[in-house]
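Engineer: With the sequence up front, the predicted model follows.
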Amino acid sequence: MRVGVPQPAKAELELAIFTRPDECGRFKPEDQPRCLPWVDRASGEVHLAFQFRLDGEPWPMPLSRDQIQVSHQESIIQEGINRQSYDLIPHDPRRSSQLFVVLIDGSGSMNQPAKRPRIERVRDALLDPGVEAAFFPKEVRTGVVLAEFVGPRVVPVGGRWQVVESVRDYRRLVRDDLQAGKGYTYLYDAVRYATGPLLTSEPAVSSFLQISGAQPTVIALTDGFNDESPADTCGDNAPRLQRLLRVLDGIRHGADVRSRPRVFTVGLGRPFLPRFHLPDDRSR
């Protein structure tokens, strides 16, 4: 039986391993020896070079060690265990268009403490030169949507949904229109809206995504946990969180890879367990 070249489905992300010298031209001369597959059985060392492709074309995407899982003989390689390790070496890095949805907690607690409210700290952080440079790089087209969740509603900063593409307009919105309100923290509902209806049903946002080909990234900032009433506890939130995670899992795996949003969360306040560290054993 002849084994043919795999044919990925349309809109399916393909991980292509380089096997020919002509595929290594994008590598620096000193790194080209690492491009082609190489195995040293004595030391257990393996080199592979790969590229993500979508519909046959290179597909630039952010990639870090925590997004890669390497396994050997059905066993996951874990850094530092049994002298196991792996290196991720980026080549030919490039910027890709992005849409940043900054989802800000606008509940009453963001007006605390009285001397230096958290909403002011958020404003200062958003106006940091490094943040502005990340949101508006010169090489590619990017846009920013500023939104607040106030009670059960997600509302646009400035009163209307818009994709900001200039630093000047971004600064004006942050300085003049970003204000905390009153109400509880409907965090889960806000994340669900920002990763779904906002991207597909708000004309200004969906149009930008379609025209620019940008990938959406949602950044949620909050100073509290999801509370929809004064009596809410962590136990009340467990089923709500599970429902949100199921929705996010469906969005991340069911949609076209071009429109899959990534979600990052930022907690404002003091650490609940300041000495806590995640265990090295990922299985836990």
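Structural biologist: Perfect, I can see it now.
Engineer: Run through the stretch 101-250 of the chain and note the low-pLDDT ranges.
Structural biologist: For the stretch 101-250 of the chain, applying pLDDT under 70 flags no range at all.
Engineer: need the helices for it, in chain order.
Structural biologist: Here the stretch 101-250 of the chain has its helices, by DSSP state H, counting those that start in this stretch, at 118-126, 129-135, 167-177, 187-195, 197-201, 203-212, 234-254.
Engineer: could you pull out the strands for this protein?
Structural biologist: Under the criterion DSSP state E, the chain contains strands at 13-17, 38-40, 45-47, 50-54, 57-58, 71-72, 75-76, 98-105, 142-150, 153-156, 215-222, 262-267.
Engineer: Out of the helices of the stretch 101-250 of the chain, flag the one nearest Gly143.
Structural biologist: Gly143 lies closest to helix 203-212 among the helices of the stretch 101-250 of the chain, at 5.4 Å (CB to CB). For glycine as for every other residue, the C-beta is placed from the backbone atoms N, C-alpha and C.
Engineer: Pairing partners for His47 in the sheet, please.
Structural biologist: Trp38 (DSSP bridges).
Engineer: got a list of what it touches?
Structural biologist: Residues in contact with His47 (CB atoms under 8 Å, 6 or more residues apart in numbering) are 34, 36-39.
Engineer: ok, back up a step: just put the strands of the chain in JSON lines and tack on distance to Gly235.
Structural biologist: Shown next, in JSON lines, are these (distance: least, CB to CB, whole Å):
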{"stretch": "strand 13-17", "distance to Gly235": "38"}
{"stretch": "strand 38-40", "distance to Gly235": "51"}
{"stretch": "strand 45-47", "distance to Gly235": "46"}
{"stretch": "strand 50-54", "distance to Gly235": "41"}
{"stretch": "strand 57-58", "distance to Gly235": "47"}
{"stretch": "strand 71-72", "distance to Gly235": "36"}
{"stretch": "strand 75-76", "distance to Gly235": "32"}
{"stretch": "strand 98-105", "distance to Gly235": "22"}
{"stretch": "strand 142-150", "distance to Gly235": "22"}
{"stretch": "strand 153-156", "distance to Gly235": "25"}
{"stretch": "strand 215-222", "distance to Gly235": "19"}
{"stretch": "strand 262-267", "distance to Gly235": "20"}
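Engineer: how close does Pro60 sit to Gln98?
Structural biologist: Counting by CB to CB, to the nearest Å, the gap from Pro60 to Gln98 is 11 Å.
Engineer: Next: Asp124.
Structural biologist: Separation of Asp124 from Gln98 (CB to CB): 23 Å.
Engineer: can you give me phi and psi for Ala42?
Structural biologist: Backbone geometry at Ala42, expressed as degrees, to the nearest 10, gives phi -60, psi -40.
Engineer: about what we covered before: looking at the helices of the stretch 101-250 of the chain, which is closest to Gln51?
Structural biologist: Checking those against Gln51 by CB to CB gives helix 234-254 as the closest, at 21.5 Å.
Engineer: what does the closest one rub up against?
Structural biologist: 188, 191-192, 195-196, 225-226, 260-261, 263.
Engineer: tell me the two of those residues that are most distant?
Structural biologist: The largest separation in the contacts of helix 234-254, counting by CB to CB, is between Phe225 and Arg260 at 25.9 Å.
Engineer: before we move on, the earlier item: mind checking the helices of the stretch 101-250 of the chain for the one nearest to Leu268?
Structural biologist: Using CB to CB as the measure, helix 118-126 is the one of the helices of the stretch 101-250 of the chain that comes nearest Leu268, at 5.2 Å.
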